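# sharing a model that was predicted from the sequence below.
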Amino acid sequence: MTTPARPGNPRGVYDIIIALFCAFLLISNVGATKLIGIGPSWPPVLPLVFDGGAILFPLTYIFGDVLAEVYGFARARRAIVVGFAISLAASLIFWLVDIAPPAPGWDNQEAWHSVLGFVPRIVAASLAAYLVGQMLNAWVLVRIKHRFGEKRLWVRLIGSTVVGELADTSVFCTVAWIGMVPAATLLNYMAVGYVYKVGVEVVLLPVTYRVIAAIKRREIDDAPVTR
């Protein structure tokens, strides 16, 4: 095992990773307000349904993997909590702006409301899914690492994503959309979203390997730990 660099390390990139993690999370939350359908739309064939957040959201799990792998569960959890707090603050601010009376002559209230006037269940679904999914992702990765050591990085990266994304997708889709869209569309949405997100993790695995290795070289003191 190796020892994490001191928190005060001026070369550290922990704060940069958190900033990217939170930025991608906020962008994804806004993008998730639109459902996208690709492909034919005649019965019994249905288009592939996913939301706009799927474009960037899988990368938050890669950042979560990097945080848990390099810094451990405690510091990954801190980043997850920061992301949760920022998402909650953004939702509250969007809500306050939405209910504020528009200025005379400003005719875009309906457009604003349709995009950023999140209904309470969407906010609850997003926050609950994010918290459960990211915590499970970090916890599973760290548990696998404790079990097998530094080897088999691909197992913990993919294994943690399989568990975390399953929880995230199930919670969000169920809380946000059940009863709002047809059952077939909901199941399509859940399956496509889950397979896509895990697929992105697998495709980007070589990139994740290199990023983790680079950050470890920058952040980790090579002196062995005495246990």
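All right, it came through fine.
# the strands in the chain, which residues?
2-4, 35-38, 48-51, 220-224 (DSSP state E).
# in the chain, which helix or strand is least confident?
Sorting the helices and strands of the chain by mean pLDDT, DSSP states H and E puts strand 220-224 at the bottom, at a mean of 43.
# any regions of this structure where pLDDT drops low?
For the chain, the stretches with pLDDT under 70 are 1-11, 40-46, 119, 220-227.
# quick test: name the residue nearest the centre of it.
residue 60 (4.0 Å; Cα atoms, centre = their mean).
# let me see the contact set for that residue.
When contacts are counted by Cβ atoms under 8 Å, 6 or more residues apart in numbering, residue 60 touches 21, 24, 25, 28, 83, 134. Heads up, the C-betas are built off the backbone N, CA and C, glycines and all.
# which of the residues you listed tops the neighbour count?
residue 134 (28 neighbours; other Cβ atoms under 10 Å).
# what's the longest helix in the chain?
helix 120-148 (DSSP state H).
# so which elements touch that one?
helix 57-71, helix 73-99, helix 153-177 (3 or more Cβ pairs under 8 Å, 6 or more residues apart in numbering; DSSP states H and E).
# format those as JSON lines; extra columns: distance to residue 125.
Compiled in JSON lines, the helices and strands packed on helix 120-148 are given as follows (distance: least, Cβ to Cβ, whole Å):
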{"stretch": "helix 57-71", "distance to residue 125": "13"}
{"stretch": "helix 73-99", "distance to residue 125": "11"}
{"stretch": "helix 153-177", "distance to residue 125": "4"}
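# so which of the ones you listed gets nearest residue 121?
helix 153-177 (6.0 Å; Cβ to Cβ).
# now do the buried residues in that closest one.
Going by neighbour count (16 or more other Cβ atoms under 10 Å), the buried part of helix 153-177 is 153, 156-169, 171-173, 175-177.
# go on, stretch 18-36?
Buried-residue list, stretch 18-36, by 16+ other Cβ under 10 Å: 18, 21, 22, 24, 25, 26, 27, 28, 29, 31, 32, 33.
# repeat that for stretch 80-92.
80, 83, 84, 86, 87, 90, 91.
# can you get me a residue count around the nearest residue to the third one once chain neighbours are set aside?
I take that to be residue 84. Closest residue in space to residue 84, ignoring its immediate chain neighbours: residue 131 at 5.5 Å, by Cβ to Cβ, 6 or more residues apart in numbering. Using other Cβ under 10 Å, residue 131 has 18 other residues around it.
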